[in-house]
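J.: Curious how this folds, go ahead:
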Amino acid sequence: MTMTSEKIRRRRFWAAIPPWIIIGAVVILVPLFIFMTLENINRQKEQTTRLLVEKGAALIRSFEAGARTAIWMHWGGFQLQKLLVETGQQPDIDYLIVTDTRGTILADSDPARIGEIYGTDLDLAKIARSEKLAWRQVPNSEGADTFELYRQFAPTAEPLPGFPDPMIVGPGGPGQETEEAPPGLVIFVGLDMGPIVAAHEEDKRHTIWMAVIFLLIGCSGIISLLLAQGYRNARSSLSRIKAFSDSLVENMPIGLVAADAGGLLIAFNQTAEAILGRKAGEVLGKQAEDILPGNCRELFRKLAAGKGIIEREINCNAAEGRTIPLEVIATTLHEDDGPFLGYIILFRDMTEVKRLKQEVARSQRLASLGSLAAGVAHEIRNPLSSIKGFATYFRERYRDNTDDRETAEVMIREVDRLNRVITQLLEFARPMTMNKAPTSLQTVIRHALKTVEGQAREKGIAFETDLPPEIGAVTADSDRIGQVLLNLFLNALAAMEIGGVLRVSLARQDGQTVRIDVADTGTGIRKEDLPHVFDPYFTTKSSGTGLGLAIVFRIVEAHGGEVLVASEPARGTTVTILLPAMQEETPLPARIGGQGGDGSPRGGPDHRLDTKG
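T.: Below is the predicted model of the structure:
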């Protein structure tokens, strides 16, 4: 599933690249590279021109040197013309021409053109007076253009042998003295541009290709930078999302178990660890069939059979033999395009919900029973008063008859017992009023222990208390809380026939709750009786009324608290009372007196209790 998810992310990442990134890169780089390419082409053209100019200048200087040699060796005009012809036959040279200022060809690499007119489109008289080398490009119908260079031709101040005096040239040819011509000669050198043009075109193509390549590289570089930035941002976002989702899955208050298509566990959050009693490090990567309890494994089988979404409540057999009621939602996982990825199960521990439902049901039963009991008690109490009156009358009348007197006394005692039961019943059914005030629980506990101290001493039962003074006051009805504690102490003493320990501890729980633990070492309560201990008239004692713990429950509930019971047969019982703490803890003086000495009841040293419930 990880590889598939990675492919999905990559596909979405490339699809999410905006086209303006590529367009922007091209718009930025294309003009830049066009300008650079044109600059490079112009620079190559200038270098080519410079090379041709230098070549032509060298050729003119060499021919002038040959002419000076001809003067020194007394050559004739034939030898100079031959030198010109041979020089013009060198590669890349189209022609060599020497003219006078009228354009009459005096010497040519092609002897047939001697006497013709050439260069009249130029100011030959001005050129003949200047040593500056000039050039132009001359079209050539037979091939590539000719690169022509021209300047003054004056190898020496003396006339060249074989050349007519430039001062006297006739229109009919050399030596025709018809009119005077301006002094000076001009030399023209024509260089073939074919190889140069071919090389230039090759360089141009190479430059253009290099520009295109660099353009692509530049665009790729910019796009790569933008993509890298986008990838970095996307990865950062994905990391944040992954961290958030991982934290959400790990800390969600619902258990989550996921398996891939092969049945291997790939997710197991903290709530799943707490509910199933297995560590994620021990189960991840293992087969779900080997790890999950039987009922959970059955869900995977039904999902594999195509059951879709499964919602139900099951009893899951967890570690240590526990049976946990779970609300389960199970389904399959698929990608957007349909491939199957695996299974996922969400489950919630319903233990507390079931307990709250039981509490609500118990409260409803108690309310109904209380209304019924109030009516019944009222109807019974009046006849009891009459019965007690007649029994008292007969006891006085038959005072001398022992049997009749004892019978009347039995009737009076039974009527009193019934009256006490009815009084408790009415108290249970009557709306409970509370006189709440800041109350020191240490003082209330010690007073209640003082009340039962005599009974405990007769049975050889020791007291152990842990009442830290830093546990401040609570807002409570001290008389009602004393009644609660007295009922619990009497029940604890009744559960210990001969000897034992009654432990009472006081502690702060989670900052907003005060906890009172009352533990005994008596006979304990059977497991099947625990759900009914707060039900009215439920008792396991032959002389009990079954209203004591029911009244305890009502009083604590009226204080906004909670009562919890944990017990093991033959090992004892622990009753826990949770009361809301005051926002500001202010130790108050005792409201209930009666303790002696340091206020602690006799029986044994104080120590903190570690109890269940």
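
J.: Tell me which helix or strand in the chain has the weakest average pLDDT.
T.: Lowest by mean pLDDT, DSSP states H and E among the helices and strands of the chain is helix 2-15, with a mean of 49.

J.: tell me which element residue 63 falls in.
T.: Residue 63 belongs to helix 19-72 when elements are defined using DSSP states H and E.

J.: Distance from the chain centre to that helix, please.
T.: Chain-centre distance of helix 19-72: 60 Å, with Cα atoms, centre = their mean, to the nearest Å.

J.: and it, what other elements does it pack with?
T.: On a contact count with 3 or more Cβ pairs under 8 Å, 6 or more residues apart in numbering; DSSP states H and E, helix 19-72 meets helix 77-88, strand 93-100, strand 134-138, strand 146-152, strand 185-192, helix 194-251. For every residue, glycine as well, the C-beta is placed using N, CA and C.

J.: In TSV, list those along with mean pLDDT.
T.: Converted to TSV, the helices and strands packed on helix 19-72 look like this (pLDDT from 0 to 100):
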stretch	mean pLDDT
helix 77-88	71
strand 93-100	86
strand 134-138	87
strand 146-152	89
strand 185-192	88
helix 194-251	77
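
J.: Columns mean neighbour count on top of these, output as a markdown table?
T.: A markdown table is the format used below for the helices and strands packed on helix 19-72 (neighbours: other Cβ atoms under 10 Å):
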| stretch | mean neighbour count |
| --- | --- |
| helix 77-88 | 17 |
| strand 93-100 | 23 |
| strand 134-138 | 13 |
| strand 146-152 | 21 |
| strand 185-192 | 23 |
| helix 194-251 | 13 |
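
J.: Looking at those, which is nearest to residue 35?
T.: Set against residue 35 and scored by Cβ to Cβ, those come closest in helix 194-251, at 9.9 Å.

J.: so the helix or strand following that closest one versus helix 194-251, what angle?
T.: If you walk from helix 194-251 toward the C-terminus, the next helix or strand you reach (DSSP H and E) is strand 255-260. With axes from the mean of the first three to the mean of the last three Cα atoms, to 10 degrees as the basis, strand 255-260 and helix 194-251 are set at 140 degrees to each other.

J.: chain center to strand 255-260, what's the gap?
T.: The answer for strand 255-260 is 19 Å, by Cα atoms, centre = their mean.

J.: And for it, what's in contact with it?
T.: 1, 249, 265-269, 271-272, 274-276, 288, 292, 296, 300, 326, 333, 341-349 (Cβ atoms under 8 Å, 6 or more residues apart in numbering).

J.: what's the longest strand in this structure?
T.: The longest strand of the chain (DSSP state E) is strand 323-334.

J.: Which stretches in the stretch 251-400 of the chain count as helices?
T.: Counting by DSSP state H, counting those that start in this stretch, the stretch 251-400 of the chain has helices at residues 270-276, 280-283, 288-291, 294-304, 351-397.

J.: Need the winner for burial among those helices.
T.: Highest mean neighbour count among the helices of the stretch 251-400 of the chain (mean count of other Cβ atoms under 10 Å): helix 270-276, with a mean of 19.

J.: what does the average pLDDT come to for it?
T.: For helix 270-276, mean pLDDT rounds to 79.

J.: Summarise which helices and strands it is packed against.
T.: Against helix 270-276 (3+ Cβ pairs under 8 Å, 6+ apart) you get strand 255-260, helix 280-283, strand 340-349.

J.: Alpha carbons only: can I get the second one in CSV?
T.: What it means is helix 280-283. C-alpha atoms of helix 280-283 as CSV (Å, rounded to 0.1, in the frame of the first residue of the first chain):
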residue,chain,number,x,y,z
ALA,A,280,2.0,-2.0,18.3
GLY,A,281,5.6,-2.9,18.1
GLU,A,282,4.8,-6.6,18.7
VAL,A,283,2.0,-6.9,16.2
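
J.: where's it relative to the chain centroid, distance-wise?
T.: Chain-centre distance of helix 280-283: 23 Å, with Cα atoms, centre = their mean.

J.: and if you look at the longest one?
T.: Relative to its chain's centre, strand 340-349 lies at 21 Å (Cα atoms, centre = their mean).

J.: Partner strands of that strand and their direction?
T.: When sheet partners are counted by DSSP bridges, strand 340-349 sits next to strand 255-260 (antiparallel), strand 323-334 (antiparallel).
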